[in-house]
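# Below are the sequence and a predicted model; questions follow.
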There are 2 protein chains.
Amino acid sequence: MTDPDPTPKTAACEDLRRSILLQEIAPGTPLDEAALCARYGMSRTPLREVMQQLAGEGYVVQRQKRGAQVSDMSHKTLRDFFLAAPMIYAAVLQLATANATAAQLRALKAAQQDFRDALDGGDVAERTLANDRFHRVTGDMADNLYLLPSFYRLLIDHARIGMTFFHSRSAERAETLAASARQHDAMIAAIEDRDPTAATQLAQAHWALSRHEIEQFVMPEGLDAPLGAAPRAAAL
Amino acid sequence: MTDPDPTPKTAACEDLRRSILLQEIAPGTPLDEAALCARYGMSRTPLREVMQQLAGEGYVVQRQKRGAQVSDMSHKTLRDFFLAAPMIYAAVLQLATANATAAQLRALKAAQQDFRDALDGGDVAERTLANDRFHRVTGDMADNLYLLPSFYRLLIDHARIGMTFFHSRSAERAETLAASARQHDAMIAAIEDRDPTAATQLAQAHWALSRHEIEQFVMPEGLDAPLGAAPRAAAL
DNA sequence: AAAATACAAACTGTATACAGATCGTATCCA
DNA sequence: TGGATACGATCTGTATACAGTTTGTATTTT
């Protein structure tokens, strides 16, 4: 409807984005040009242009004479993420309340429905993609040339963090996901009411939730069993 | 010292960036591949990769089957700019106070010295480039993977707006530039003192100054002479 | 046996040639 | 004279071939 563009380049682009978001290709993995050429049925020239584009969007990084690799996730990545995400996201949601069109609101509601559908019956990948799409629509709504580059880059690692940390522990995860869905509904309401204050607070709450969950994962509750004694110190 | 990379590709990249920042190539100008190939002495393949990179950074946009053109500046651009700039810039400066290294602080002071040198004796282009370099160093200091894409994109249009609006009127501009330089000094002090509150306030003040100047340009004081009468309304 | 070097295979970067699309111009028709 | 259409030149996108660099392995040397 919007993009009648079935070129192999866009297809390769979208497939690679999806694979990277879902960590089907792990962070840091080197990407072999020849293999991808064969996979997508194109020669090296257009494939290299795809790589350039993905590099610009933050999916991959290109090293001199050493090809492209999926952008990696370090502890610094996580730190940068939680420093920037609340602010960028609050700004995006606030602008969304000001600028959202009726069509975009319908798209957002549809994305939220997909997300809820993925919650009952979907696997981790489906939930991640649906969540990603929901947030991307809020970016479309904000429609700010300068904010969106950072926002979309955040969404890449938002998805990847979700896939990294929330693979197991599905029981505990269920309640968190339900809370996320409720926050999405509240966001929709805030946008519909054009209420920037509520939007800002929701953004903060949404990231506080993610942050809490990741802290639980990185620094879990201690085990009950006593640890083994440390080897005796050598001196003093 | 840091980048021993005298390839024709990086040279072309930097030259094009400079030309676009200084509006030597106006916004919206289509870029002819063949001409640029001749100019930089390379074939189309690497030149197209340069274009892809510049597109990722926001200097140019690429239209399907219609090549690249310098990214546009519309009224929406200005609006987006002044919505996003204060927030992004405040965040960058705040992170800079937390993360700046001694070497970066030296680089910032050097950039500020260049800016002051350009104020007495430099032309508009030199001032614009020196100002751009100063702000870029603050971005290096902030060192946040997610904030910087938006920040650098802002800086592109920050420079171009400066070149657009402040070409003439050099007498009035002088005082504003002096005020900018004083604000830069205050930013350096805030970073040196690691004072995030001062940094935030300075960012706000810095953009308020730019904004005021552009408002003056777009909506100047009325002339003393009476305007011609409007044609009589058709109905009522 | 460990380290260093030399060689070979694989990969990246660049140039060039070709196919397809777009845009301007000239011609034709009303 | 105005508009539409057809043709041609120009430009974009893709494939392929070649040169230079990197990397892994095997051999040699200490």
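Happy to help now that I have it. Residues are numbered from 1 along each chain as shown, chains lettered A, B, ... in the order given.
# how's chain A carved up into domains?
Using automatic domain parsing, the domains assigned to chain A come out as A:8-70, A:75-216.
# how about these in TSV, adding distance to DNA strand C, mean neighbour count and mean pLDDT?
(Each C-beta comes from the backbone N, C-alpha and C, glycine too.) As requested, the domains of chain A are exported to TSV (distance: least, CB to the nearest atom of the strand, whole Å; neighbours: other CB atoms under 10 Å in any protein chain shown; pLDDT from 0 to 100):
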stretch	distance to DNA strand C	mean neighbour count	mean pLDDT
domain A:8-70	3	16	96
domain A:75-216	22	18	93
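# Now these in a markdown table, please, with extra columns for distance to DNA strand D.
Output for these, formatted as a markdown table (distance: least, CB to the nearest atom of the strand, whole Å):
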| stretch | distance to DNA strand D |
| --- | --- |
| domain A:8-70 | 3 |
| domain A:75-216 | 22 |
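# what's the closest of those domains to B:R48?
Checking these against B:R48 by CB to CB gives domain A:8-70 as the closest, at 7.1 Å.
# check contacts around whichever residue of chain A sits closest to chain B.
For chain A and chain B, the shortest gap (CB to the nearest CB) falls at A:G56, measuring 2.3 Å. If a contact means CB atoms under 8 Å, 6 or more residues apart in numbering or on different chains, then A:G56 has B:52-53, B:55-57 as its contacts.
# Can you confirm whether stretch A:144-163 lies near chain B?
Yes - Stretch A:144-163 lies within reach of chain B by CB under 8 Å from any CB of the partner chain, at A:144-151, A:153-154, A:157.
# Could I get the CA-only coordinates of that stretch as PDB?
Presented in PDB, the C-alpha positions along stretch A:144-163 are these (Å, rounded to 0.1, in the frame of the first residue of the first chain):
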ATOM      1  CA  ASN A 144      11.000  14.700  14.200                       C
ATOM      2  CA  LEU A 145      13.900  14.500  11.800                       C
ATOM      3  CA  TYR A 146      16.500  14.900  14.600                       C
ATOM      4  CA  LEU A 147      15.100  12.700  17.300                       C
ATOM      5  CA  LEU A 148      14.300   9.700  15.200                       C
ATOM      6  CA  PRO A 149      17.900   8.600  14.400                       C
ATOM      7  CA  SER A 150      18.700   8.100  18.000                       C
ATOM      8  CA  PHE A 151      15.200   6.600  18.700                       C
ATOM      9  CA  TYR A 152      15.500   4.000  16.000                       C
ATOM     10  CA  ARG A 153      19.000   3.100  17.200                       C
ATOM     11  CA  LEU A 154      17.600   2.600  20.700                       C
ATOM     12  CA  LEU A 155      14.900   0.300  19.400                       C
ATOM     13  CA  ILE A 156      17.400  -2.000  17.800                       C
ATOM     14  CA  ASP A 157      19.100  -2.700  21.100                       C
ATOM     15  CA  HIS A 158      15.800  -2.600  22.900                       C
ATOM     16  CA  ALA A 159      14.800  -5.600  20.900                       C
ATOM     17  CA  ARG A 160      18.100  -7.300  21.300                       C
ATOM     18  CA  ILE A 161      18.200  -6.800  25.000                       C
ATOM     19  CA  GLY A 162      14.800  -8.300  25.200                       C
ATOM     20  CA  MET A 163      15.900 -11.400  23.300                       C
END
